[in-house]
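Everything below, folded, please.
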Amino acid sequence: FKGPIQNRGCTDIICCIFFIVAIVGYVAVGILAWTHGDPRKVIYPTDSLGQYCGQGKLEKQPLLFYFNMMKCASPMVLLEFQCPTPQVCVEKCPDRTLTLVTAIGNAQDWEYYKSYCRADPGAKVLVDILQKKLCPAYLISSKPFLQRCFPSIGKKGDVITVGDQETFNDGDKMRDAKDLVAGMKNATIVMEGRQVAMKIFEDYTKSWYWILICLLIAVVLSLIFIVLLRYLAGIMVWVMIFMVIAVVAGGIAHCSIKYVNLKDTPGSNITLQQLGFQPDFSVYLHIRQSWLAFMEIYIYLFKKIVLGIFYSNNVPSNAALIDVYVTCLTYFNHEPVYKVFNETDCLHARQTCDPENFTLSTMKRDCPRSECLFAFYGGETPYHKYLVVLQFYNVFLFFWCANFVTALGQMTLAGAFASYYWAPNKPNDMPAYPLCASLGRSLRYHTGSLAFGSLILAIVQIIRVLLEYIDHKLKGAENKFAKFLLCCLKCCFWCLEKFIKFLNRNAYIMVAIYGKNFCRSARDAFFLLMRNVIRVVVLDKVTDFILFLGKLLIVGLVGIFAFFFFSGHTDAFKGATPSLHYYWVPILTVLVGSYLIAHGFFSVYAMCVDTLFLCFCEDLERNDGSAARPYRMTTELCDILMKDADAARTPTSRDETMQLTAPDKTMEN
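Reported below is the predicted structural model:
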């Protein structure tokens, strides 16, 4: 046997066909989303009729004005992301406080007031204007914020004011200015998030080149680490252990000092839940609970490292789980959807309605104080009816394609490393371009096997996503049994995903070597590993621990450099540090990017270890080290892994197991 089989045929053709059809469907969904998408929906505000402020015939009216800001305190805002009050596009926000009653009596004020009405009231009397809600009952001095008019809230001492006044007339009675605060708070929940997003985007535009430099440093460190690990593996492991422990211990000490120093600081003892979301994230650094959370994270890392040192020489430790969260964007049609809004309980609340004939409908008769207002863009077309299905398909295909790309990389690397291992005379008997040759074999013959393995993994992952969604929906439920059952299911599918990833990885190695279909390769790999289970456990966990330390060290070093650079706490960098809204934005980007870079480098290293180990186990069962059947492993690998080979397996048992795993003669070179 001289390495990967050259004369092979296509495997798992049906799965290949399904995958191609799924990709075509994926492209079709993308085209459908593009044709129905409209970026104006997230850029411009819309009035009660669903018209875009500042666009089309409303080009000169870019701001949105709310008739009654206090209605925005309704829980309906959080259900529909829309205030249950009429809204109109205006040229500018009100700069004075007026009531409808006083404005009608003054021609100049009335002309100014009509610019904030939904329609020209004409000669209608005051009662008709209010009943049909053609105009607001009052105007309050306001300022534009994110293309919306908000009351000019201020403070005089401890008293909240609006337009320098402590009270205002809402057209019916005098109210305190503080009554507007609740409405403004709900109305700005989404807009504050959008403002934060804009500031984050600005930070990226100012710091992107420095982020690239930091990521380049991570690439260089990863290369240096790989080279040093090749020649100084033992020394590098202990150096990494001591350096990581030093960094983690320093982090624990720093968090402890901050936690103690904030003890007597006013306001530092409030909880993160009480503080809630704050656009300025530096506020969280003045809370003791934040530093306590950081300290717990450092302690967890410290315990994991110490246990890893112990277990790497004795028993295996659990691998770290990295969850990948996928955000799916929803696209709606241009058709506006209107819903019934009511201040009190109403049978038809939140049902769709038609604003043109709403006043004559049964909904209006049943709920006299209800209104038919714009809610969002959507519709009743087949596209909207099956929108949830399309979203589900989008997420599922994302998992499938991502797993397919990962599987293709694993099989390509496995074929290249196997070519090296099984070459009788290294490197003379190796192909000229082993990586390209392996990639060509994988795509030409085994696209179906790659699609099959990645499909199984994608199904498990989408089930985990559904379980997380159900768990989110059941957070307020009091059914203990349902929570327990859901927790068990999440745990079981987490374990199943880890097992399938492990099995797929080794199945791809066997496919790359022998060219068999996925199921047979997975079976052969599983039984081969079970016959060498002790070696598998020790080698796998030791490798995981070493590479985990390497990732942690690279991320830690680059992260520390990024912190001192972007935070401006170091005098040496003050001249070069860009002015940022949130310095944590580039720091987090550098940390995540550094981890992905280190993971990319070390995943190649880990695939090499897994491939060589599987080839080693196969080598033991095929050969006995005699002149007739010499081992294909190198002398160095033999010294590392053959210490207890004879004690673990007798020649007789080797011959028996060889018959179980040897490929068909027709498949050999």
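
Residues contacting the helix or strand harbouring Ser438, please?
Element membership of Ser438, judged by DSSP states H and E, is helix 434-445. Helix 434-445 is contacted by residues 4, 8-11, 408, 411-416, 419-420, 431, 450, 512, 515 when judged by C-beta atoms under 8 Å, 6 or more residues apart in numbering. All C-beta spots, glycine's among them, are computed from the backbone N, C-alpha and C.

repeat that for 7 Å
The contact list for helix 434-445, computed with C-beta atoms under 7 Å, 6 or more residues apart in numbering, reads 8-11, 408, 411-412, 415-416, 419-420, 431, 450, 512, 515.

can you name the two of the residues you listed that are farthest apart?
Using C-beta to C-beta, the contacts of helix 434-445 reach their maximum pairwise distance at Cys10 and Tyr420, which is 25.4 Å.

Which one's more surrounded, these two?
With neighbours defined as other C-beta atoms under 10 Å, Cys10 and Tyr420 compare such that Tyr420 has more, 20 against 14.

How many residues are close by the spatially closest residue to that one that is not a sequence neighbour?
Of all residues not flanking Tyr420 in the chain, Met430 sits nearest, at 5.9 Å (C-beta to C-beta, 6 or more residues apart in numbering). By other C-beta under 10 Å, 17 other residues sit near Met430.

Tell me the spacing between Met430 and Asn517.
Relative to Asn517, Met430 is positioned 26 Å away (C-beta to C-beta, to the nearest Å).

Likewise for His472?
From His472 to Asn517 the distance is 39 Å (C-beta to C-beta).

between those two, who's got more neighbours?
Neighbours around His472 and Asn517, counted as other C-beta under 10 Å, are more numerous at Asn517. The numbers are 19 against 8.

got the phi/psi numbers for that one?
Per-residue torsions, Asn517: phi -70, psi 170 (degrees, to the nearest 10).

list the contacts for it?
Thr11, Asp12, Ser449.

In helices only, show me these.
Of the positions in those, Ser449 sit in helices, assigned by DSSP state H.

which one of the contacts of Asn517 has the most neighbours?
Counting by other C-beta under 10 Å, top hit in those: Ser449 with 31 neighbours.

longest helix anywhere in the chain?
Using DSSP H, we find that the single longest helix of the chain is helix 189-231.

From Gly250, how far out is the nearest residue to Lys574 once chain neighbours are set aside?
Nearest residue to Lys574 in three dimensions, chain neighbours excluded: Gly568, at 5.8 Å (C-beta to C-beta, 6+ apart). Separation of Gly568 from Gly250 (C-beta to C-beta): 20 Å.

and if you look at Phe602?
Separation of Phe602 from Gly250 (C-beta to C-beta) stands at 24 Å.

Show me which of the two is the more surrounded one.
Phe602 (22 against 13).

what helices or strands is the helix or strand where that one lies leaning on?
Assigned by DSSP H and E, Phe602 falls within helix 584-622. Applying 3 or more C-beta pairs under 7 Å, 6 or more residues apart in numbering; DSSP states H and E, we find helix 584-622 packed against helix 189-231, helix 387-422, helix 480-514, helix 518-530, helix 533-566, helix 635-641, helix 651-661.

Tell me, how many residues neighbour the residue nearest to Leu528 when sequence neighbours are not counted?
Distances taken as C-beta to C-beta, 6+ apart place Cys617 nearest to Leu528, at 5.4 Å, with adjacent residues excluded. Residues near Cys617, counting by other C-beta under 10 Å, number 21.

hang on, Cys617 packs against Ile534?
No - contact status for Cys617 versus Ile534: not in contact, 11.5 Å apart, counting by C-beta atoms under 7 Å.

where do the helices sit along the stretch 201-350 of the chain?
Taking DSSP state H, counting those that start in this stretch as the test, the helices found in the stretch 201-350 of the chain are 233-261, 272-275, 288-311.

Show me what counts as buried in the first one.
Just to be clear, that refers to helix 233-261. Buried residues in helix 233-261, counted by 16 or more other C-beta atoms under 10 Å: 236-237, 240-241, 244-245, 247-248, 251-252, 255, 258-259.

I'd like to know how far the nearest residue to Leu390 once chain neighbours are set aside sits from Leu387.
Once flanking residues are discounted, Leu390 sits nearest to Val29: 5.6 Å by C-beta to C-beta, 6+ apart. Counting by C-beta to C-beta, the gap from Val29 to Leu387 is 11 Å.

Could you tell me whether Leu64 really is in a strand?
Yes - according to DSSP: H, G, I helix; E, B strand; the rest coil, Leu64 belongs to a strand.

Contacts only, for it.
The contact partners of Leu64, taken as C-beta under 7 Å, 6+ apart, are Pro45, Asp47, Cys53, Gln87, Cys89, Gln147, Arg148, Cys149.

one more time with 8 Å, if that's ok
Leu64 sits next to Pro45, Thr46, Asp47, Cys53, Gln87, Val88, Cys89, Val90, Gln147, Arg148, Cys149 when contact means C-beta under 8 Å, 6+ apart.

Would you show me how to pick out the buried ones of these in ChimeraX?
Under the burial definition 16+ other C-beta under 10 Å, those of the contacts of Leu64 that qualify are selected in ChimeraX by:
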select :45,46,47,53,87,88,89,90,148,149
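
Of the contacts of Leu64, which belong to strands?
Judged by DSSP state E, strands contain the following of these: Gln87, Val88, Cys89, Val90, Arg148, Cys149.

Tabulate these in CSV, adding columns for distance to Arg96.
Below are those laid out as CSV (distance: C-beta to C-beta, whole Å):
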residue, distance to Arg96
Gln87, 20
Val88, 17
Cys89, 20
Val90, 14
Arg148, 18
Cys149, 13
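
In a markdown table, list the contacts of Asn517 along with pLDDT.
Shown next, in a markdown table, are the contacts of Asn517 (pLDDT from 0 to 100):
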| residue | pLDDT |
| --- | --- |
| Thr11 | 91 |
| Asp12 | 90 |
| Ser449 | 95 |
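
possible to save the contacts of Asn517 as TSV with distance to Ile500?
Formatted as TSV, these follow (distance: C-beta to C-beta, whole Å):
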residue	distance to Ile500
Thr11	19
Asp12	16
Ser449	14
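
Looking at the contacts of Asn517, which is nearest Phe564?
Phe564 lies nearest to Ser449 out of the contacts of Asn517, by C-beta to C-beta, at 48.4 Å.

measure the closest one to Ala437 for me?
17 Å.

For Leu450, report the pLDDT, please.
On pLDDT, Leu450 comes in at 95.

and what of Leu486?
Leu486 is given a pLDDT of 88.

Check Lys2 too.
Turning to Lys2, the model gives it a pLDDT of 66.

what's the answer for the one 5 residues further on, then?
pLDDT, Asn7: 82.

Count the residues that sit near it.
Residues contacting Asn7 under the criterion other C-beta under 10 Å number 9.

go on, Val609?
The number of residues near Val609, taken as other C-beta under 10 Å, comes to 17.

now Asn506
If you count neighbours by other C-beta under 10 Å, Asn506 ends up with 23.

The one 4 residues further on too?
For Met510, the tally of surrounding residues (other C-beta under 10 Å) stands at 26.

swap in Cys638?
When neighbours are counted by other C-beta under 10 Å, Cys638 registers 15.

Let me see the contact set for it.
Shown in contact with Cys638 (C-beta under 8 Å, 6+ apart): Tyr631.

Give the phi and psi angles for Lys92, as a check.
The phi/psi pair for Lys92 (degrees, to the nearest 10) is phi -150, psi 160.

Quick check: pLDDT value at the residue nearest to Leu528.
86.

pretty sure it is touching Arg535, no?
Yes - with contact defined as C-beta atoms under 8 Å, Cys617 counts as touching Arg535 (7.5 Å).

Enumerate every residue touching Ala628.
Here Ala628 is in contact with no residue (C-beta under 8 Å, 6+ apart).

Fine by me, we can end here.
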